[in-house]
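Peer 1: with the sequence up front, the predicted model follows.
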Amino acid sequence: MRLSSYFLMILLLLAGGCSLLPEQVDKTKDWSASQLYSAAKESLNDKDYKEAIEYFEKLEARYPFGTYAQQAELEIAYAYYKYDEPESAIASAQRFIKMNPRHPNVDYAWYIMGLTNYNRGKTIVDKVLPQDPSQRDTTIMHQAYDDFYQLVKRYPNSKYAGDATQRLIYLRNNMALYEMHVADYYMRRGAYIAAANRAEYVIENYERTTSIPDALIIMVRVYRKLGMNELADDALRVLRLNYPDNPDIPALSQGRDPKHDKGLFGWL
């Protein structure tokens, strides 16, 4: 009986063991705002983004006013971005922009939003086996484009403007290429009007992108399929004038379809 009692006591102690342990002491309990900020920055430099976020959050909660808290609001957005929490990164950047529209570093908030959306949707598979970004849905690409565009428009002298401009060019090319993927899809299925609409959209909205010659080629092919030879000749004339070295011009000029049954991206 006594053995059973001891056994029961041990089980009770194990079950309630956590309550017998001393509470974990928060080493930052009496830290000043500058101490919390310095610790957060050190964690950022060490790429310990989770710890940096924890320090920044404590700083914002304990010292909601002042320079350190304001800077923490901005830098926590970067920490969230690096920690792969895009929703929190964007929310933090948007909050900073709303609360500090004239802050000297507000351009950085726009930049972080752009970077977050720019890399959003990428999976571990994408990092190991890179996928063609032009084949993804363009909603997030448009969001990233808008963020970078606002940065360049509002703060043309920002140190982030140059990088943002290059990303804008890249995004425009990919958004145009996405439209060409769709146009090719319609073309291969005989939906010629839908293909023409996509190609026309690219020509009208994505001028100076790498997809313009392919959009013109789609127009030539569609108009010939529909028996609109005069329009086909007009599209070919524009192609020949602006892209004289395009390798498909000779075949198109002879009335042949160089992409017949190959699909747009089987011959690029």
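Peer 2: Good, I have the coordinates. Numbering: from 1, shown residues only.

Peer 1: so which residues of the stretch 1-150 of the chain form helices?
Peer 2: 2-15, 17-20, 33-45, 49-62, 67-82, 86-99, 106-119, 124-128, 139-154 (DSSP state H, counting those that start in this stretch).

Peer 1: what about the first one, average pLDDT?
Peer 2: In this model, helix 2-15 has an average pLDDT of 52.

Peer 1: stretch 116-125 now?
Peer 2: If you average the pLDDT over stretch 116-125, you get 71.

Peer 1: return the residues in contact with the one residue sitting closest to the centre of the chain.
Peer 2: In the chain, the centroid-proximal residue (CA atoms, centre = their mean) is Tyr118; its distance is 1.9 Å. Contact partners of Tyr118, counting by CB atoms under 8 Å, 6 or more residues apart in numbering, are 144, 148, 167, 171. From N, CA and C alone the C-beta is placed, and that goes for glycine too.

Peer 1: local confidence estimate at the first one?
Peer 2: You'll see Ala144 listed with a pLDDT of 96.

Peer 1: the last one too?
Peer 2: Model confidence at Leu171, given as pLDDT, is 96.

Peer 1: repeat for the one 3 residues further on
Peer 2: At Asn174, the pLDDT value in this model is 94.

Peer 1: what's the closest of the contacts of Tyr118 to Ser253?
Peer 2: Leu171 (33.8 Å; CB to CB).

Peer 1: ok so, going back, make JSON lines out of the helices of the stretch 1-150 of the chain and add distance to Thr210.
Peer 2: As requested, the helices of the stretch 1-150 of the chain are arranged in JSON lines below (distance: least, CB to CB, whole Å):
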{"stretch": "helix 2-15", "distance to Thr210": "67"}
{"stretch": "helix 17-20", "distance to Thr210": "61"}
{"stretch": "helix 33-45", "distance to Thr210": "37"}
{"stretch": "helix 49-62", "distance to Thr210": "36"}
{"stretch": "helix 67-82", "distance to Thr210": "29"}
{"stretch": "helix 86-99", "distance to Thr210": "28"}
{"stretch": "helix 106-119", "distance to Thr210": "19"}
{"stretch": "helix 124-128", "distance to Thr210": "22"}
{"stretch": "helix 139-154", "distance to Thr210": "15"}
